[in-house]
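Novice: Build me a model:
(one chain, ligands or ions: 3)
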Amino acid sequence: MILQKVNQPQDLKTLSQEELLQLAEELRSEIIRVCAQNGGHLASSLGAVELIVALHRVFDSPRDRLLFDVGHQAYAHKILTGRKDVIHTIRQEGGISGFTKVSESEHDAITVGHASTSLANALGMAMARDTLGQNYHVVGIIGDGALTGGMALAALNVIGERKPKLLMILNDNEMSISENVGALNRYFKEYQTKKWVQDTQKWGKQVLEGISPKLFNLVDRAKEAAKLMLHQENPFYAWGIRYVGPVDGHDLPGLIHILEQIKELDGPTLLHIVTQKGKGYGVAEEDPIYWHGPPGFNPENPTKVSKGYSWSAAFGDAVTELAYQEPRLFVITPAMREGSGLVRYSQTHPERYLDTGICEDVAATVAAGMALRGLKPVLAIYSTFMQRAFDQIVHDIAIENVPVVFAVDRAGIVGGDGATHNGVFDIAYLRTIPNVQIAAPKDALELRAMLKKALSLGAPIAIRYARDNVEKAPEGAWPEIEWGKWEVLKEGREAYILSFGKTLKYALEAAGDNPEVGVINARFIKPLDKGMLERLALEGYKLVTTEDHQRMGGFGSAVLEAFNELGLKPDIRVLGLPDRFFDHGSIPRMHHEAGIDAEAIRAALAEMGVGIKTATHRA
Ligand SMILES: Cc1ncc(C[n+]2csc(CCOP(=O)(O)OP(=O)(O)O)c2C)c(N)n1
Ligand SMILES: CC(=O)[C@@H](O)[C@H](O)COP(=O)(O)O
Ligand SMILES: [Mg+2]
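Specialist: Numbering: from 1, shown residues only. Ligands and ions are numbered 1, 2, ... in the order given. Alright, predicted model coming up:
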């Protein structure tokens, strides 16, 4: 085992070529073993193994800064930088993060999880180095998917003008989570094919015939990597950035050679490498979409498992059916087709479906444009990624009350992805924007009711749901909903738990069959059911609010503000996430730690003396 001898990147410097090749294979096995155990970003990490070995062979981390975009492909980097003994804890509570994280290791140049940030960060670091008169290398590693993001493209624009010494590596596997999209992606596909045809002709071979563009002959391309290629006919050149490639990203000796050659070049250089997502693991090569981020599996017999019927699936089913009824409905996803439950919709309604790539800001403004010209856009978006579209929601949508419906998925704590991905700020930032309405359904049927109603209201409306499973609603069921009105699910004699979204199950559990405690499905935050709040306060009920969101600025805050406006002061406890970030771990454990689970609700009720002074309350 070569891996046993490698504890720090320095240990790679003395390995022979054969040992490096063996190391790459051992890293692959370790990545498969760990993902089988914990789940994780398998296919992307497998595809980046040779690149990461080559980078650590050629550069000197932590002095040289290696910035991985998204950070989900960096498992080999973690193993090679002193974390091989804890890699089995990845994504688990108390364990290491599934992404690079500055506070975890000096070798992790950025804390990341959202896409398209590496190049801007790399530019900043290169400029800091030059301004401070220092001397080290900065390397930004970005996938073809992440390159669809506006941040990455805007960073290239500045890089091309300022021209710092900076190496960028485009790790192109022609995949985002789904198939990659966009004109740049198409350009590179065509570019590679053309270049490959020329080279094959040059070498007198005809290997292209019968080979899918994805599976270029990697053996021949190894020869390619040994040469320094500078090409002038591509968008990077137009930007003033030196372009090298494309080269085979799995040819380890070739990669090391070319990195050594371009390492000291002045100014910005982009090395384009072509890799295969899932490389070296048959199932992941064949189906990189499923194996992008699978849950745990049996490594000897890797099979796909059903993750159950999710809120995303409930949304996807609802919107697919609705599209048959509403010809103006149009669904947009910023690169999250699978996660947002839109595979079926994209197949049944391809003409009213758009994957914008990883650019939530653009997706929001495209939706605005559609709505302004008569379509009924639904933007399916993860809560955490919607943070990227804040200004677009204010400026392009809310000011003129443009009717865009946001299907806000992964709301609340998300589990293994941790702090970068928790969707715990959306209520706070949406609530402050005039015209924007916010709702959360208690089940799939209510989601259908809300979605249908929202499309008829002519306003920007966010419908929020969690990363969780839900019972399937019957097809064809489209119940009416009284917009803005809460629902009493259980009567209480002394207190009510007001719950928004996912914490409703904790509220029901906490109330149990206790006659003193009632439960309200507080399914709208904007408009807030002030009528019900007023009645509850005037009738002297004690209140507990719960939500899977930051306590500051969230649902409970909205309730407190309403009581303040009404001039009422009920006995109330607000439960929500405290003012800190939550890392990766199991969702119920995080909820417990945050104090929003059934136990915390019962504790809050007990603190208010519920069940002790029942005689003073209404029978
Ligand atoms: C802002 C943002 N939107 C969406 C995502 C979800 N996401 C994570 S990885 C990924 C695909 C990235 O593709 P690429 O950069 O090509 O890396 P690969 O997985 O192919 O190695 C997406 C869409 C994200 N992390 N950040
Ligand atoms: C790295 C990334 O951002 C995505 O792959 C994310 O991990 C997907 O999360 P879900 O599994 O919740 O769809
Ligand atoms: Mg990719």
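Novice: Contacts only, for Q10.
Specialist: If you count contacts by C-beta atoms under 8 Å, 6 or more residues apart in numbering, Q10 has them with D60. Yep, even glycine has a C-beta here, placed from its N, CA and C like the rest.
Novice: burial count for the residue of the stretch 451-600 of the chain found nearest ligand 2?
Specialist: In the stretch 451-600 of the chain, the residue found nearest to ligand 2 is R467; the distance is 5.3 Å by C-beta to the nearest ligand atom. Applying other C-beta atoms under 10 Å, we find 24 residues neighbouring R467.
Novice: residue contacts, the residue of the stretch 51-200 of the chain found nearest ligand 3?
Specialist: Taking C-beta to the ion, ligand 3 has its nearest neighbour within the stretch 51-200 of the chain at G143, 3.9 Å off. Taking C-beta under 8 Å, 6+ apart, we find G143 in contact with 44, 69-70, 73, 115, 170-173, 176.
Novice: Show me the beta-bridge partners of it.
Specialist: Taking DSSP bridges, one finds N171 as the beta-bridge partners of G143.
Novice: got the residues of the stretch 451-600 of the chain near ligand 1?
Specialist: Proximity of the stretch 451-600 of the chain to ligand 1 (C-beta under 6 Å from any ligand atom) involves no residue at all.
Novice: Going along the chain, name the strands of the stretch 451-600 of the chain.
Specialist: Counting by DSSP state E, counting those that start in this stretch, residue ranges of the strands within the stretch 451-600 of the chain are 461-464, 487-490, 495-500, 517-521, 524-526, 542-550, 572-577.
Novice: how about a markdown table for those, with mean neighbour count and distance to ligand 2 added?
Specialist: Rendered in a markdown table, the data for the strands of the stretch 451-600 of the chain read as follows (neighbours: other C-beta atoms under 10 Å; distance: least, C-beta to the nearest ligand atom, whole Å):
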| stretch | mean neighbour count | distance to ligand 2 |
| --- | --- | --- |
| strand 461-464 | 27 | 15 |
| strand 487-490 | 16 | 28 |
| strand 495-500 | 29 | 21 |
| strand 517-521 | 24 | 25 |
| strand 524-526 | 22 | 23 |
| strand 542-550 | 28 | 15 |
| strand 572-577 | 23 | 18 |
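Novice: how about CSV for the ones you listed, with distance to V414 added?
Specialist: Below are these laid out as CSV (distance: least, C-beta to C-beta, whole Å):
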stretch, distance to V414
strand 461-464, 13
strand 487-490, 26
strand 495-500, 17
strand 517-521, 23
strand 524-526, 20
strand 542-550, 10
strand 572-577, 13
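Novice: To ligand 3, which of the ones you listed lies closest?
Specialist: Within the strands of the stretch 451-600 of the chain, the stretch nearest ligand 3 is strand 461-464; the backing value is 29.1 Å (C-beta to the ion).
Novice: Point out the other helices and strands that that closest one packs with.
Specialist: Taking 3 or more C-beta pairs under 8 Å, 6 or more residues apart in numbering; DSSP states H and E as the contact definition, the neighbouring helices and strands of strand 461-464 are strand 405-409, helix 426-431, strand 437-439, helix 444-456.
Novice: and among the ones you listed, the most buried is which?
Specialist: Here the criterion is mean neighbour count by mean count of other C-beta atoms under 10 Å, and of these the winner is strand 405-409, at a mean of 28.
Novice: what's downstream of the stretch of helix or strand L379 belongs to, the next helix or strand?
Specialist: Here L379, judged by DSSP states H and E, is contained in strand 376-382. Later in the chain than strand 376-382, the nearest helix or strand by DSSP H and E is helix 383-386.
Novice: What about contact with ligand 1: does that next one have any residue there?
Specialist: Yes - applying C-beta under 6 Å from any ligand atom, one finds that helix 383-386 is in contact with ligand 1 at F385.
Novice: can you map out the helices along the stretch 51-200 of the chain?
Specialist: With DSSP state H, counting those that start in this stretch applied, the stretch 51-200 of the chain shows helices at 75-78, 118-131, 150-162, 183-202, listed in chain order.
Novice: what angle separates the second one from helix 150-162?
Specialist: Which is helix 118-131. Direction vectors for helix 118-131 and helix 150-162, defined by axes from the mean of the first three to the mean of the last three C-alpha atoms, to 10 degrees, enclose an angle of 30 degrees.
Novice: how close does the residue of the stretch 451-600 of the chain closest to ligand 2 sit to I177?
Specialist: Counting by C-beta to C-beta, to the nearest Å, the gap between R467 and I177 amounts to 15 Å.
Novice: try T111
Specialist: Relative to I177, T111 is positioned 21 Å away (C-beta to C-beta).
Novice: likewise E494?
Specialist: In terms of C-beta to C-beta, E494 sits 49 Å off from I177.
Novice: and what of G293?
Specialist: Using C-beta to C-beta, we find G293 at a distance of 8 Å from I177.
Novice: same question, F555
Specialist: Shown here: F555 relative to I177, a distance of 31 Å by C-beta to C-beta.
Novice: Look at these two and report which has more neighbours.
Specialist: Applying other C-beta under 10 Å to F555 and I177 shows that F555 carries more neighbours, namely 30 against 21.
Novice: List the contacts of that one.
Specialist: The neighbourhood of F555, defined by C-beta under 8 Å, 6+ apart, consists of 427, 498, 500, 522, 525, 545, 547, 549, 576.
Novice: quick one: average pLDDT of stretch 562-575?
Specialist: Per-region confidence: stretch 562-575 scores 98 on mean pLDDT.
Novice: So for that stretch, what gets flagged as buried?
Specialist: Within stretch 562-575, the residues that count as buried by 16 or more other C-beta atoms under 10 Å are 562-563, 570, 572-575.
Novice: Can you report how many residues neighbour I289?
Specialist: Close neighbours of I289, defined as other C-beta under 10 Å, add up to 18.
Novice: now swap in the one 5 residues further on and tell me
Specialist: Other residues near P294 number 21, with proximity taken as other C-beta under 10 Å.
Novice: for Y465, same thing?
Specialist: When neighbours are defined as other C-beta under 10 Å, Y465 has 30 of them.
Novice: got it, and the one 4 residues further on?
Specialist: N469 has 14 neighbours, counted by other C-beta under 10 Å.
Novice: And the residue of the stretch 451-600 of the chain found nearest ligand 1, how close does it get to L166?
Specialist: Ranking the residues of the stretch 451-600 of the chain by distance to ligand 1 (C-beta to the nearest ligand atom) places R467 first, at 13.1 Å. To L166, R467 is 36 Å away according to C-beta to C-beta.
Novice: That's all I had, so thanks and see you.
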